[in-house]
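Q: sequence and predicted structure, then a few things I'm wondering about:
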Amino acid sequence: MRPRGGQGITRARRALALGLCAAALVLPACGDRAGDPSAAKAAGRGPAVPVIVSDVVPRDVPVQLRAIGNVQASATVSVLSLVGGELFRIHIAEGQEVKAGDLLFTIDPRPFQAALQQAQAQLAQHQAQIAQAQANLARDTAQHENAKVEEDRYKRLVDGGLIAREQYDQIRTTEKSLAATIDADRAAVTTAQALVRADDAMVENARLQLSYTEIRAPIEGRTGNLLIHQGNVIKANDVGNPLVVINRVHPIYVAFSVPEQHLDRIRRHRAAGELGVEARTQGPAEGVARGELSFINNAVDAATGMIQLKATFQNADNALWPGQFVNVVLTLTTERGVLVVPSQAVQAGQQGPYVFVVKPDLTVENRPVVVAFADGPSTVIAKGLAAGERVVTDGQLRLAPGTRVEIKSGAPAPPARGPAG
């Protein structure tokens, strides 16, 4: 055990330490109360807070809707063969630009050439039959005319009692027989003419089938993969197994959807004029294609509440490719002379959005504002600011109303783009 005297010394040391601490707290307070009041006020304000500011400027700001779009070919054709046979020759390469009417494939034409020749031979045969039938008709017509003359002469003779009745009856029978023969000749000519017309159709069909052996591009566009190769036997109208697929990319479409609440504005602005659309491709080499809104779907998707739109682009530089996803910007109108501030200047408070305005004496004011719309780096202010005022864009966390600031140089705010969709 320690002696009681040691415990007493320890208590005394603790009491002395507490006393010194209390004195240290009391003496500065006494010194402040004794000092100059203006110095105390300056000490309360503290040093100027460094901030970055931006001017409130009037600008023309486009009102825009943004969406993700999908590029679609303006026309897609799956090329099929209309006749069956061996693929004789391929005249294109994969990915080649073709024009309407360009020769793509050739099917072995020999069977179809033989069929055409056969149909032409049959046509010639029936045309000869027409000529023969017409010759028979002319011969029998002449004979009938002669028989009519004889019948008339014999009739006068029999009426005069110069010949027997039997002779007249023979002449009359011959005349009637020739008249019936003429009717038969006319029927033969008609039949031969019908056969020739049928042969004409068969020749035309054979010629058409022969023309199908040359498969040509139905539209202008770009070819895809070759799905069959030379030497293969292909079927006619083999749906599901095209020879190649052609996509028309001039012009080209971009389909995208926006929320249905924008539909009225889109229709209203489109009624006033064409609406411009920008499509921005994704990737390191970002490009911008410009087109026009060309289609508004006739119904809102009940499942998603979105309305489908489509824009048309000329795509002369092939910047857009079918199946590609792009960032779409639809410009509805342009707001003229509106007040714009950088978006980082607008702060969220319990009473709504506000900004810190730098006054001429380099102190700040907490100013409530009404935001018209915001888009990325820029915000359009509808109420609460005036052109030429300066707002704080960086350093707001250390500010309070009346705080003195020191303005630092900073990069200028980026230009306004328009409200997000």
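A: Cool, the structure landed. Just so we're clear, the structure is a prediction, and the values are computed from it rather than from any experiment.
Q: how many other residues sit next to residue 100?
A: By the criterion of other CB atoms under 10 Å, residue 100 has 12 neighbours. All C-beta atoms are positioned from the backbone trio N, CA, C, and that covers glycine.
Q: change the start of the numbering to 212 and stick with it
A: Sounds good: first residue 212 from here, last item residue 311.
Q: assumed it was part of a strand.
A: No: using DSSP: H, G, I helix; E, B strand; the rest coil, the secondary structure at residue 311 is coil, not a strand.
Q: that one is in contact with residue 429, isn't it?
A: Yes: between residue 311 and residue 429 a contact is recorded at 6.6 Å, counting by CB atoms under 8 Å.
Q: residue 315 contacts residue 454, correct?
A: Yes: using CB under 8 Å, residue 315 is in contact with residue 454, at 7.3 Å.
Q: need the residues touching each of the two.
A: Shared contacts of residue 315 and residue 454, defined by CB atoms under 8 Å, 6 or more residues apart in numbering, are found at 290, 426.
Q: what domains does the record give for the chain?
A: Domain assignment for the chain by automatic domain parsing gives 256-285+461-632, 292-318+425-453, 321-422.
Q: what mean pLDDT does the longest one get?
A: Looking at domain 256-285+461-632 alone, the average pLDDT works out to 89.
Q: burial of the nearest residue in space to residue 329 that is not next to it in sequence, as a residue count?
A: Nearest residue to residue 329, sequence neighbours excluded (CB to CB, 6 or more residues apart in numbering): residue 417, at 7.6 Å. Residues within reach of residue 417, counting by other CB under 10 Å, total 19.
Q: how close does residue 417 get to residue 321?
A: 13 Å (CB to CB, to the nearest Å).
Q: kindly report the same for residue 350.
A: From residue 350 across to residue 321, the span is 44 Å (CB to CB).
Q: biggest strand in this structure, by residue count?
A: If you go by DSSP state E, the chain has its longest strand at strand 268-290.
Q: residue 373 sits in which helix or strand?
A: Assigned by DSSP states H and E, residue 373 falls within no helix or strand.
Q: swap in residue 380?
A: Using DSSP H and E, residue 380 falls within helix 376-422.
Q: any idea of the mean pLDDT in the helix or strand just after that helix?
A: Using DSSP H and E, the helix or strand that follows helix 376-422 in sequence is strand 425-427. If you average the pLDDT over strand 425-427, you get 96.
Q: by contact count, what packs against strand 425-427?
A: Packed against strand 425-427 by the contact rule (3 or more CB pairs under 8 Å, 6 or more residues apart in numbering; DSSP states H and E) you find strand 314-318.
Q: give me the buried positions along the strand it packs on.
A: 315-318 (16 or more other CB atoms under 10 Å).
Q: partner strands of it and their direction?
A: Within its sheet, strand 314-318 is paired with strand 296-301 (antiparallel), strand 425-427 (antiparallel), according to DSSP bridges.
Q: quick one: which of those strands is nearest residue 388?
A: strand 296-301 (55.4 Å; CB to CB).
Q: okay, the nearest residue to residue 324 once chain neighbours are set aside and residue 300: tell me how far apart.
A: Distances taken as CB to CB, 6+ apart place residue 421 nearest to residue 324, at 6.1 Å, with adjacent residues excluded. Distance, residue 421 to residue 300, by CB to CB: 15 Å.
Q: quick revisit: and the strands paired with strand 314-318, which is most packed in?
A: strand 425-427 (a mean of 18; mean count of other CB atoms under 10 Å).
Q: what lines up beside whichever helix or strand comes after that one in the sheet?
A: Next helix or strand after strand 425-427 toward the C-terminus (DSSP H and E): strand 432-434. Paired with strand 432-434 in the same sheet, following DSSP bridges, are strand 308-309 (antiparallel), strand 455-470 (antiparallel).
Q: which strands or helices does the very next helix or strand once past strand 432-434 pack on?
A: Of the helices and strands lying after strand 432-434 in sequence (DSSP H and E), the nearest is strand 444-445. Packed against strand 444-445 by the contact rule (3+ CB pairs under 8 Å, 6+ apart) you find strand 296-301.
Q: what distance separates the strand it packs on from the centre of its chain?
A: Put simply, strand 296-301 sits 35 Å off its chain's centre (CA atoms, centre = their mean, to the nearest Å).
Q: what's the closest of the strands paired with strand 432-434 to residue 291?
A: Residue 291 lies closest to strand 455-470 among the strands paired with strand 432-434, at 9.8 Å (CB to CB).
Q: who does residue 550 form a beta bridge with?
A: residue 269, residue 592.
Q: list the contacts for it?
A: Counting by CB under 8 Å, 6+ apart, residue 550 touches 267-269, 591-592, 596-598.
Q: list the contacts for the residue nearest to residue 402 when sequence neighbours are not counted?
A: Residue nearest to residue 402 in three dimensions, not counting chain neighbours: residue 344, with 7.8 Å by CB to CB, 6+ apart. Each residue near residue 344 by CB under 8 Å, 6+ apart is listed here: 396, 399-400, 402-403.
Q: and which of the buried residues of strand 314-318 is nearest to residue 494?
A: residue 315 (32.0 Å).
Q: just the pLDDT for the closest one.
A: 96.
Q: OK, contacts around it?
A: 290, 301-303, 309, 426-428, 434, 454-455.
Q: could you check the angle the helix or strand that contains residue 543 makes with strand 455-470?
A: Taking DSSP H and E as the definition, residue 543 sits inside strand 536-553. Interaxial angle, strand 536-553 versus strand 455-470 (axes from the mean of the first three to the mean of the last three CA atoms, to 10 degrees): 30 degrees.
Q: beyond strand 536-553, next helix or strand please.
A: Following strand 536-553 toward the C-terminus (DSSP H and E): strand 558-560.
Q: so what strands line up beside the very next helix or strand once past that following strand?
A: Counting by DSSP H and E, the next helix or strand C-terminal to strand 558-560 is strand 563-569. Under the criterion DSSP bridges, strand 563-569 sits next to strand 558-560 (antiparallel), strand 575-579 (antiparallel), strand 601-605 (antiparallel) in its sheet.
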